[in-house]
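In: Would you be able to build a 3D model of this:
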Amino acid sequence: MKNYFELYDMPIQLSVDKKDLPKKYFELNRIYHPDFFIHESAKKRAEVLDIAAQINRAFKIFQSTDDTIKYVLKLKGLLEEEEKYQLPPDYLMEVMEINEALMDGTPKEDIKPQIEQLQTEIYEPIKQIVEGYQEGITTEKELLQVKEYYYKKKYLDRIRRQLNEMT
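Out: Down below sits the predicted model:
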């Protein structure tokens, strides 16, 4: 089975250019749409159905940089489902302070800038790695930095969801 980047005939990357993605998606769907294989054997129809499902899953993943990062880290064996990742205590303390402010009823307008500031702080050190990823050149150490960012961002996203639910 091909990985999603091979399926879409593009290099492995942490941030997919979304401009040409729909065009490639529709090209692949024209080739592998199950309706075009109704007169084939059951085995061939099952294969095509599996490829069509992969095309759809890949497209969904490539729409989100976070999901693409997660996919690449898994592909490289650097991320496991349900992994218990240890974030730095100072970061956890910052997030806890934001959470406490949220629980204490601090207005959303006061919390949002803190979250955005923290988002900028955690992304800045890995920005060039994400945007300039090159297979075989980007090191495992750099990918591990991206992994830490991924887990840090998950915490921020959880707070953002809580804020949005507080309307």
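In: number of nearby residues for residue 43?
Out: 8 (other Cβ atoms under 10 Å). C-beta coordinates here come from the backbone N, C-alpha and C atoms, glycine included.
In: Return the per-residue confidence for residue 83.
Out: Confidence per residue is given as pLDDT, and for residue 83 that number is 89.
In: For the helix or strand containing residue 142, name the packing helices and strands.
Out: Using DSSP states H and E, residue 142 maps to helix 140-165. Helix 140-165 is packed against helix 65-75, helix 89-103, helix 108-123, helix 127-131, with contacts defined by 3 or more Cβ pairs under 8 Å, 6 or more residues apart in numbering; DSSP states H and E.
In: Can you get me the centre-to-centre distance for that helix and its chain?
Out: Helix 140-165 sits 10 Å away from the centroid of its parent chain (Cα atoms, centre = their mean, to the nearest Å).
In: just to revisit the earlier point, pick the most buried one from the helices and strands packed on helix 140-165.
Out: Among the helices and strands packed on helix 140-165, helix 65-75 has the highest mean neighbour count (mean count of other Cβ atoms under 10 Å), at a mean of 18.
In: Show me what it is in contact with.
Out: For helix 65-75, contacts defined as Cβ atoms under 8 Å, 6 or more residues apart in numbering pick out 3-4, 12-16, 60-62, 79-80, 130, 133, 143, 146-147, 149-150, 153, 157.
In: what's the domain layout of this protein?
Out: Domain segmentation of the chain under automatic domain parsing yields 4-63, 89-165.
In: So the residue of the chain positioned farthest from its centre: helix, strand or coil?
Out: Computed with Cα atoms, centre = their mean, the maximum C-alpha offset from the centroid of the chain is found at residue 39, amounting to 37.4 Å. Using DSSP: H, G, I helix; E, B strand; the rest coil, the secondary structure recorded for residue 39 is coil.
In: Now do the spatially most central residue of the chain, the pLDDT please.
Out: Here the mean C-alpha position of the chain is nearest to the C-alpha of residue 67 (Cα atoms, centre = their mean), at a distance of 1.6 Å. Taken from the predicted model, the pLDDT recorded for residue 67 is 97.
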